[in-house]
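Compute the structure for the input listed below.
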Amino acid sequence: MKNFILFYFIVFPLSFFAQVKNESIVQKPKSIRIVDSIKNKKTATIDLYKVITLENDTTYIDTSLTIQKEYSHNYLRKDIFGLLPFANDGQTYNMLHYSLTDFSPYPEFGFKAKHFNFLEANQIRYYSVATPVTELYFKTTVKKGQSVDAFITLNTSENLNFSIAYKGLRSEGEYLNQLSSTGNFRFTTNYNTKNKRYFAKAHYTFQDILNEENGGITTIENFESEDPNYNNRQRFEVYFNDAKSFLKGKRVFLDHNFRINSKKGDNNLYLTHQFNYENKFFEYSQATVPSTVGSETVYRFGDSFLDSGINDQTRYNKMYNRVGLIYENTTLGTFQFFVDDFRSNYYYNKILIFDNQNTIPSSFSQEINSAGGQYEYRRNKWNGKFLYSRSVTAQSLSNLDAKLQYDLNDEIQLAFQYQNINKLPNNNYNLHQSSFVQYNWSNNFKNEKINTIKANAISPWIDAELQLSVLNDHLYFTDASTAQQKTDRTQIVAPAQYDGTLNYLSLKINREFKFGKFALDNTILYQKTEQQDAVLNVPEIVTRNTIYYTNYLFKKALFLQTGISLNYFSNYYANEYNPVIGEFFVQNDKQIGNHPNLDFFINAKVQRTRIYFKVEHFNSALTGNNFYASPNNPSRDLTIRFGLIWNFFN
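As a prediction, this is how the structure comes out:
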């Protein structure tokens with residue numbers, strides 16, 4: 001209630017003092033949807049405020065208030081359709097939509113459940129702006145804490161841009177031992193010479209993600225019984241009161257190219273180089289080993305080498321270099337040939353020798369060299385990119401990626417993609433050390449083989465995405481607990497490789513209907529798997545339906561957006577989260593889902609300030625306590641949130 005009153009005290013005084021400002025729709029380049037502009041005649045137009053990806057796809061800084069901006073006003077700063085958040089901000093997400101999984105042929109660090117808020121190199125954005133730009137993001141969290149993201153970018157000259165940003169979060173959470181504390185610092189620079197012969201993008205990031213890990217509640221029956229004694233969620237017993245997980249990483253990145261011929265013409269030759277050095281560190285600590293469940297003593301992760309003070313640490317670093325030569329012809333397209341060098345070290349500080357199993361080494365190092373080519377064609381309504389790379393060292397690694405896009409007109413776009421990846425296993429599948437006896441392994445898994453076909457269609461009537469994937473030698477984590485261990489509430493997780501074939505199909509459809517100032521936005525996802533064993537579990541139906549109202553008020557000084565969103569997914573055997581390995585694992589004991597989640601929101605825009613007020617899951621007390629983020633972790637109760645995004649164009 002206090003947040004609701006605060007919202008009105010902020011919005012309505014601002015609206016009376018706001019200057020009248022006309023909104024216009026900016027004519028946009030193809031495949032870029034921009035609905036806001038800078039109309040002050042003393043400043044530059046919006047097309048001079050560029051946001052550039054690593055692949056040189058360019059959009060503009062957007063200060064509009066659309067339904068997509070409502071969906072992306074969250075901790076990850078993006079639309080999280082297909083992700084199921086845990087109860088507290090800054091925790092992990094369960095995967096409802098398998099198509100969101102990205103694949104790289106190179107081996108990765110692992111601990112993927114800790115990486116949802118970890119910005120990878122291809123997620124960093126670069127800028128070019130006519131005047132300095134500042135963006136301030138703020139949102140309240142669950143119980144005590146706050147979420148902020150502060151960003152500033154400026155051009156010291158037309159050719160040189162710098163940006164610096166920091167995203168931080170601290171959220172207490174509703175349940176015991178659930179604190180989240182994260183930080184993402186990033187610094188970027190974007191440069192080109194005046195004659196546009198040399199281009200460079202570089203960034204530095206430092207990121208840390210700390211979570212208290214309670215292991216879930218121990219008495220699910222008390223939660224589902226809706227006993228009013230447990231309306232205060234702090235009263236629930238949890239498995240751990242002093243366990244934590246911590247991920248941190250640093251990265252230095254440079255991508256640059258130089259045109260060999262002095263003047264750009266119909267035929268051009270470029271020399272390219274990309275450098276990426278990164279180190280990561282993962283730690284799981286648990287001061288007290290036994291857990292208390294009622295009157296029982298439970299050893300949740302089995303026997304351990306230590307009676308107390310568990311502190312598992314995994315370290316990793318990698319260095320990647322790619323050198324290439326590009327030939328560009330204005331008629332034929334762009335041809336690129338490259339070689340790369342990938343080196344990584346994944347290591348612990350000891351060697352483990354067991355009497356009844358293999359010795360667990362202290363490190364796992366890899367050196368991989370690959371060669372490949374890429375062809376890119378852009379002409380008229382066609383845009384194609386074809387990539388193939390293959391290792392030339394002993395490891396078997398390859399990647400074939402073909403993309404083709406056809407723009408029928410400014411409103412209709414068709415895209416197709418075929419990808420065939422021969423992927424090396426992530427490091428934590430092959431090696432893991434822990435103070436818990438059964439969480440130590442050394443493996444030599446085969447490569448994963450992934451074939452994927454995607455088709456996308458964007459039109460004024462409907463947006464659709466179709467994906468068909470065939471997975472062979474699929475790697476996953478599984479519940480390896482015996483029947484007696486499950487009875488004793490002991491959770492043993494181990495890596496496994498499926499020796500069969502998995503077929504996965506998904507179809508996502510989006511359609512918005514407008515009725516005057518009202519609109520109904522619908523996103524529906526259908527998924528189907530074909531497998532002999534339940535290894536890849538996904539809900540068959542995931543849907544989000546939002547009905548909302550928009551209007552200008554106070555002589556167009558204030559733009560109002562308000563509505564209700566329904567989020568729903570069908571019953572399925574959701575994966576469970578394990579904090580020791582920072583991963584989700586397959587379980588087939590309990591289904592979750594079939595629970596509607598309703599959110600109410602009121603958003604407003606005054607000049608370039610967007611204000612957000614939201615009541616999340618307001619039906620939680622009306623539709624029963626059967627809402628979960630994983631089988632052992634309830635999802636979020638009714639929560640009132642307030643936030644804003646404030647842009648300054650100096």
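
so where's the stretch 301-450 of the chain uncertain?
Residue ranges of the stretch 301-450 of the chain with pLDDT under 70: none are present.

and Y429, that's in a helix?
Yes - the assignment for Y429 by DSSP: H, G, I helix; E, B strand; the rest coil puts it in a helix.

Would you quantify the distance from it to N56?
Going from Y429 to N56 by Cβ to Cβ, to the nearest Å gives 34 Å. Glycine gets a C-beta too; all of them are placed from N, C-alpha and C.

Just want to know which of those two has more residues nearby.
Between Y429 and N56, Y429 has the larger neighbour count (other Cβ atoms under 10 Å), namely 23 against 10.

Specify the beta-bridge partners of the closest residue to that one other than its chain neighbours.
Distance criterion Cβ to Cβ, 6 or more residues apart in numbering; nearest residue to Y429, sequence neighbours excluded, is P495 at 4.5 Å. Beta-bridge partners of P495, counted by DSSP bridges, are F477.

again, but for the one 10 residues further on
With DSSP bridges applied, L505 shows beta-bridge pairing to L468, K528.

I'd guessed the residue nearest to Y429 sits against H474; true?
No - counting by Cβ atoms under 8 Å, P495 stays clear of H474, with 11.4 Å between them.

Just want to know which of the two has more residues nearby.
Shown here are P495 and H474; by other Cβ under 10 Å, P495 has more neighbours (23 against 19).

any idea how far the more buried one lies from Y106?
Counting by Cβ to Cβ, the gap from P495 to Y106 is 18 Å.

Quick check on the residue positioned nearest the centre of the chain: phi, psi?
Among the residues of the chain, F116 comes closest to the average C-alpha position under Cα atoms, centre = their mean, at 4.3 Å. Torsion angles at F116 (phi, psi; degrees, to the nearest 10) stand at phi -60, psi -30.

Next up, the contacts around the closest residue to it other than its chain neighbours.
Excluding its sequence neighbours, the residue lying closest to F116 (Cβ to Cβ, 6+ apart) is Y93, at 5.2 Å. Neighbouring residues of Y93 by Cβ atoms under 8 Å, 6 or more residues apart in numbering: I80, L83, L84, P85, F86, F116, A629.

which among the residues you listed gets closest to Y548?
I80 (17.9 Å; Cβ to Cβ).

How about the closest one, nearest residue that isn't a chain neighbour?
Using Cβ to Cβ, 6+ apart, the closest residue to I80 is N74 (6.1 Å).

count of residues packed around N222?
Using other Cβ under 10 Å, N222 has 16 neighbouring residues.

quick one: secondary structure of it?
N222 ends up helix, using three-state DSSP.

Enumerate every residue touching I310.
Y284, S285, Q286, A287, V289, S304, S435, F436.

Helix or strand next in line after the host helix or strand of it, which one?
If you go by DSSP states H and E, I310 is part of strand 308-329. Per DSSP H and E, strand 308-329 leads on to strand 333-347 as the next helix or strand towards the C-terminus.

tell me what that next one is packed against?
strand 308-329, strand 363-379, helix 427-430 (3 or more Cβ pairs under 8 Å, 6 or more residues apart in numbering; DSSP states H and E).

contacting residues around the last one?
Contacts made with helix 427-430 from outside it, assessed by Cβ under 8 Å, 6+ apart, are listed as 107-111, 314, 316, 344, 346, 364, 442-445, 475, 495, 581, 583.

from the residues you listed, which would you call buried?
107-111, 314, 316, 344, 346, 364, 475, 495, 581, 583 (16 or more other Cβ atoms under 10 Å).

which one among those gets closest to L414?
After measuring the buried ones among the contacts of helix 427-430 against L414 - Cβ to Cβ - the closest member comes out as E108, at 31.9 Å.

That closest one touches N426, doesn't it?
Yes - at 4.7 Å, E108 counts as touching N426 under the criterion of Cβ under 8 Å.

From Q357, how far off is A243?
In terms of Cβ to Cβ, A243 sits 26 Å off from Q357.

out of these two, which sits in the busier spot?
A243 (25 against 11).

check contacts around the residue nearest to A44 when sequence neighbours are not counted.
In space, and not counting its chain neighbours, A44 is closest to A130: 3.4 Å by Cβ to Cβ, 6+ apart. Contact analysis of A130 by Cβ under 8 Å, 6+ apart lists T43, A44, L48, Y49, N155.

repeat that for 10 Å
38, 43-50, 154-155, 158, 649 (Cβ atoms under 10 Å, 6 or more residues apart in numbering).

Return the closest of those residues with respect to L387.
Nearest to L387 out of the contacts of A130 is K50 (Cβ to Cβ; 25.2 Å).

For that closest one, which residues count as its bridge partners?
Y60, S128.

measure the nearest residue to E296 once chain neighbours are set aside to L100 for me?
Excluding the flanking residues, the one nearest E296 by Cβ to Cβ, 6+ apart is R489, at 7.8 Å. R489 sits 32 Å away from L100, taking Cβ to Cβ as the criterion.

for V51, same thing?
When Cβ to Cβ is the yardstick, V51 and L100 sit 22 Å from each other.

The two: which has the busier surroundings?
Taking neighbours as other Cβ under 10 Å, V51 and L100 compare with V51 leading, 16 against 13.

ok so, going back, which neighbours do E108 and N426 have in common?
With Cβ under 10 Å, 6+ apart as the test, E108 and N426 both reach Y346.

low-confidence ranges in the stretch 501-650 of the chain?
For the stretch 501-650 of the chain (pLDDT under 70), the answer is none.

any idea where the strands of it begin and end?
501-515, 518-530, 541-553, 558-569, 576-578, 583-585, 597-606, 609-616, 628-630, 633-634, 639-649 (DSSP state E, counting those that start in this stretch).

can you redo those strands as CSV with distance to N231?
Below are the strands of the stretch 501-650 of the chain laid out as CSV (distance: least, Cβ to Cβ, whole Å):
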stretch, distance to N231
strand 501-515, 37
strand 518-530, 33
strand 541-553, 28
strand 558-569, 23
strand 576-578, 25
strand 583-585, 29
strand 597-606, 19
strand 609-616, 17
strand 628-630, 18
strand 633-634, 13
strand 639-649, 14
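
do you know which of the ones you listed lies nearest I67?
Comparing these by Cβ to Cβ, strand 518-530 comes nearest, at 5.3 Å.
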